[in-house]
Each structure stands twice: as structure tokens, then as C-alpha cells.
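1. give me a model of this one.
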Amino acid sequence: MNDHLSPLLTPEGRALLDEVRGTAPADELAVATRLRREHPAELVSAALAQARLRQRAAAKFGDADAGRMFFTPNGVEQSTRASVATYRAQRLKALGVTSVADLCCGIGGDAIALARAGIRVLAVDRDPVTAATARANADALGLAGLIEVREADVQEVDTAGHDAVFVDPARRGGRGRIFDPEAYSPPLSWAVEAASTARVAALKIAPGIPHEAVPAAAEAEWISDAGDVKEAVLWFGTGAPGAVRATLLPGPRTLLGRGLPDPAVRPVGRYLYEPDGAVIRAHLVAEVAEELAGGLVDPTIAYITADALRATPYATAYEITDELPFNVKKLKALLREREVGNLTVKKRGSAVEPEELRRKALPKPQGRNTAIVFLTRVAGAPTMLLGHPARP
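-> Below you'll find the model as predicted:
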């Protein structure tokens, strides 16, 4: 086992971690050279590597926690963002859960959120270094009394005695992301079977999972954080089999599906609404369109258009000033006429690369105004919509 963690848990290792905290990449060589005069070279390298991982992890865990926690490269990449883990832990708590078997716990991000919600956790991972890292994190954050970390194959762990099961299967392989749920490690079918052993269960899955792959007994939830879709969760034991929801963080704000038919296609109105990614993934654009009294610009495009401006947390509103067929020369002339010097390009249903269009339409940015151009289809025709963020 290539274990760089154990030396860092010694008094010398911890002191070294404090000393290299916040080291800039450009300063690493000089810092390493100086520290190796007094400390083993391997320990210095491990401390600097850990400092880099902590800096990367701050975006997910916040500066305070990331500065005390321990990470592996895969752990930083694959761990749940703290805001999402906290939301899920609070939902489990609201369901009356007091103990959870956290299977495929990784470095312990979800276990930490669960423990902070007052839930007792059995955290299981088969990789020795990963399990040791989860144990170190529970200790570093003062949660060791609520988190038991076990190095084991999750498929051989008895989860009896726990109110809930949480499974976060590995969705990356040697060739990158895995899209087939049965190719997860462990497979989704095994995770669904594991879910049946507890009163409540939550299975974390990739947000791109096909809706037809969602078990009929599950409630499916898609979660975004600050507009970025993070994950989907299959819930069991919530009393809502077959339900679909989109949850937006911070908030949380949750939109429940009502089985509405697809919205009608209509001409582009004064306003264009871009639904949150979780809404789109959950196939709940119709629910938002009804709320906005709007329709779609095209039957295959998730842009909603309406004549009135209405506030909604589930979509971002833009005021449309111009609609023209796709034509770079016409767009270039219009931008020059409007004195646009800063152009944002968004696209949905277009093969055109935004950066390429920006370069051609605005070769010498000089204007004082800003604008957004949407590359999309309107009733099947390639179209450019020019506008700006809507103002109440």
C-alpha cells in the first residue's frame, strides 16, 4: 500500500502541514528545498501534495474544513460537495433516520454531513487508504464518536440495525466516466437490492441517468448547486414512489413533477427563460412553463418564452430585443449598431461553437454595451436571439 497519510498524522507531519499551508505553486520548489534540510524528503513531498489537495478541496468543503481534512486525488474529485451532502443529511433526518450505513464512503464527505446532523454512521470503503482518510477526517473534525469507519467490501457488510442505507457507487473507471448504471461499482441493481434492507435508502447516481432506468419504487431527485447540476438521488421509503423532483441549492427550493404534457410551441415573446439544469434533467420544464404562462420556442429545446416577466427560482429570465435567422454578418452589423463591446454567447440546439461565433461577430470589441446572443432553434429554424438579463 502506497500510504502517504500515516506520516502526516504524526506530530512532525501535522506541524509540517501547518507550515506549508497556503503555499503557492510557484513557491513549492523553494519551500521544499528549505524544509528538506530538517525533514525527510518523502514527508515534505507528502505535506506539499496534501496542501495542494486542500486548496482544491476548499471549493467543495470550505476553507475551514478543507484546511483540517485529509484528501486523496480521487477523493477530491469524486466527493460530494458539502452543501449537497448537508441537504441530503437534513432530508434523512427529517425522515426520522438516526443511523445510516454509508456504503462506498470515500473520504467521508457524506459521513461528515450525516454526523453533523446528529446521525450515527457506519462508513464503509474497501480501499485501505481511502478508509484511513475517512477515519482521519472524522477525527480531525471531532466526529469520531458518531462515525465508525470500516475497511471492507460493501457487498459483504451487514447493514441490519441501521435506519437507512446510503450508497455512492464509483462512477469512474480507467477510461473516465461510466454512464451505464450496471457498470457502476457496485452495480445499480445491487444498490437497489441493498436499499430494500432498510426503512429508508438513498442511492447517489449520475444526473444523466435515463428516466427509464429509474426503478418504479424509487423517488428520483435531481440536485443543482448555484445552477450547476451535481447529482441525482434515488430515494426509497419516502412514501412517494414514482415521484420526480428538482431541488435547487442554496435554498433548498424543490419543484415536484405533476406529470404535465409537453408545453406548446409559440412565437418568441418579450422574455426568454432558461430553466435550471436540475429542472431540465428531471424533465420538469412543463411545470415551469405553466408557472410562467409560457411555451417553448421549439419542441426539442428547453427554452421557455413568455410575454410577461414573472419571478421564479427555477429559471433565469432574459429580455429579448432582437430575433434574426442565423447569419453572422447580420449579427455583426447589429452588434456594431448597438455599440456592443462585450458579448456572451449561449447555445442550445446549435452546433456552432460560442467562442468561434464571438470571434467572428465581434472581432474588435470596442462598444460600451453588453449583450447576450442565444444560438438555438425556433420552430425548427436556426435562430439568433439577442437580449440581456431581465430587470424587474
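2. can you list contacts of the strand or helix carrying Glu28?
-> In this structure, Glu28 sits in helix 28-35 according to DSSP states H and E. When contacts are taken as CB atoms under 8 Å, 6 or more residues apart in numbering, the neighbours of helix 28-35 outside the stretch itself are 16, 19-20, 23, 44-45, 47-48. For glycine as for every other residue, the C-beta is placed from the backbone atoms N, C-alpha and C.
3. out of the residues you listed, which is most surrounded?
-> The most crowded member of the contacts of helix 28-35, judged by other CB atoms under 10 Å, is Ala47 (28 neighbours).
4. that one contacts Arg14, correct?
-> No - using CB atoms under 8 Å, Ala47 makes no contact with Arg14, being 9.4 Å away.
5. quick check: neighbours shared by those two?
-> For the pair Ala47 and Arg14, residues contacting each of them under the criterion CB under 8 Å, 6+ apart are Leu8.
6. buried residues of the helix holding Glu28, list them for me.
-> Residues of helix 28-35 classed as buried by neighbour count (16 or more other CB atoms under 10 Å): 28, 31-32, 35.
7. sorry, back to before: farthest pair within the contacts of helix 28-35?
-> When the contacts of helix 28-35 are compared pair by pair using CB to CB, the farthest-apart members prove to be Glu19 and Ser45, with a separation of 13.8 Å.
8. Arg171 contacts Arg177, correct?
-> Yes - judged on CB under 8 Å, Arg171 makes contact with Arg177 at a distance of 6.4 Å.
9. settle it for me: which of the two has more neighbours?
-> Residue environment comparison for Arg171 versus Arg177 gives the larger neighbour count to Arg171, 21 against 9, counting by other CB under 10 Å.
10. what do Arg171 and Arg177 both touch?
-> What both Arg171 and Arg177 touch, as defined by CB under 8 Å, 6+ apart, is the set Ala206.
11. the chain: helices as residue ranges?
-> For the chain, the helices identified by DSSP state H occupy 11-20, 28-35, 41-66, 73-78, 82-94, 109-116, 128-140, 188-195, 277-281, 285-292, 328-337, 354-361, in order along the chain.
12. spatially central residue in the chain, please.
-> Nearest to the mean C-alpha position of the chain, by CA atoms, centre = their mean, lies Lys230 at 1.9 Å.
13. report the contact partners of that one.
-> So, once contact is read as CB under 8 Å, 6+ apart, Lys230 ends up touching 80-81, 84, 207, 223-224.
14. now Glu323
-> By CB under 8 Å, 6+ apart, the residues touching Glu323 are 268, 378, 383-386.
15. report the two of those separated the most.
-> Using CB to CB, the two most remote members of those are Val378 and Leu386, lying 13.0 Å apart.
16. any idea how many residues pack against the closest residue to Glu339 other than its chain neighbours?
-> If you skip the residues right next to it in sequence, Glu339 has Gly367 as its closest partner in space, 3.7 Å away by CB to CB, 6 or more residues apart in numbering. Gly367 sits with 17 neighbouring residues when counted by other CB under 10 Å.
17. separation between Gly367 and Val328?
-> In this view, Gly367 and Val328 are 17 Å apart by CB to CB, to the nearest Å.
18. dump the helices of the chain into CSV; add mean pLDDT and distance to Glu219 as well.
-> Below are the helices of the chain laid out as CSV (pLDDT from 0 to 100; distance: least, CB to CB, whole Å):
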stretch, mean pLDDT, distance to Glu219
helix 11-20, 94, 42
helix 28-35, 93, 47
helix 41-66, 95, 26
helix 73-78, 90, 24
helix 82-94, 97, 11
helix 109-116, 98, 18
helix 128-140, 96, 28
helix 188-195, 89, 12
helix 277-281, 97, 14
helix 285-292, 98, 16
helix 328-337, 94, 45
helix 354-361, 93, 36
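19. could you identify which of those is most buried?
-> helix 109-116 (a mean of 27; mean count of other CB atoms under 10 Å).
20. against which helices or strands is that helix packed?
-> Packing contacts for helix 109-116, counted by 3 or more CB pairs under 8 Å, 6 or more residues apart in numbering; DSSP states H and E, involve helix 41-66, helix 82-94, strand 99-103, strand 120-125, helix 128-140, strand 147-151.
21. would you mind getting the angle between it and strand 147-151?
-> An angle of 150 degrees separates the directions of helix 109-116 and strand 147-151 when computed by axes from the mean of the first three to the mean of the last three CA atoms, to 10 degrees.
22. so how far is helix 109-116 off the chain centroid?
-> For helix 109-116, the distance from its own C-alpha centre to the chain's C-alpha centre is 17 Å (CA atoms, centre = their mean, to the nearest Å).
23. any chance you could list what contacts that helix?
-> Outside of helix 109-116, the residues that reach it under the criterion CB under 8 Å, 6+ apart are 60-61, 65, 79-80, 82, 85-86, 88-89, 92, 100, 102, 105, 121, 123, 134, 137-138, 141, 143, 146-147, 149, 166, 168.
24. how big is the angle separating it from strand 99-103?
-> Relative orientation of helix 109-116 versus strand 99-103 (the same axes, to 10 degrees): 170 degrees.
25. alpha carbons of helix 109-116, as CSV, please.
-> What follows is the C-alpha trace of helix 109-116 in CSV, where atoms were taken according to Å, rounded to 0.1, in the frame of the first residue of the first chain:
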residue,chain,number,x,y,z
GLY,A,109,-17.7,13.8,2.9
ASP,A,110,-21.3,12.4,3.3
ALA,A,111,-20.5,10.7,6.6
ILE,A,112,-19.4,14.1,8.0
ALA,A,113,-22.6,15.8,6.9
LEU,A,114,-24.7,13.0,8.4
ALA,A,115,-22.8,13.1,11.7
ARG,A,116,-23.2,16.8,11.9
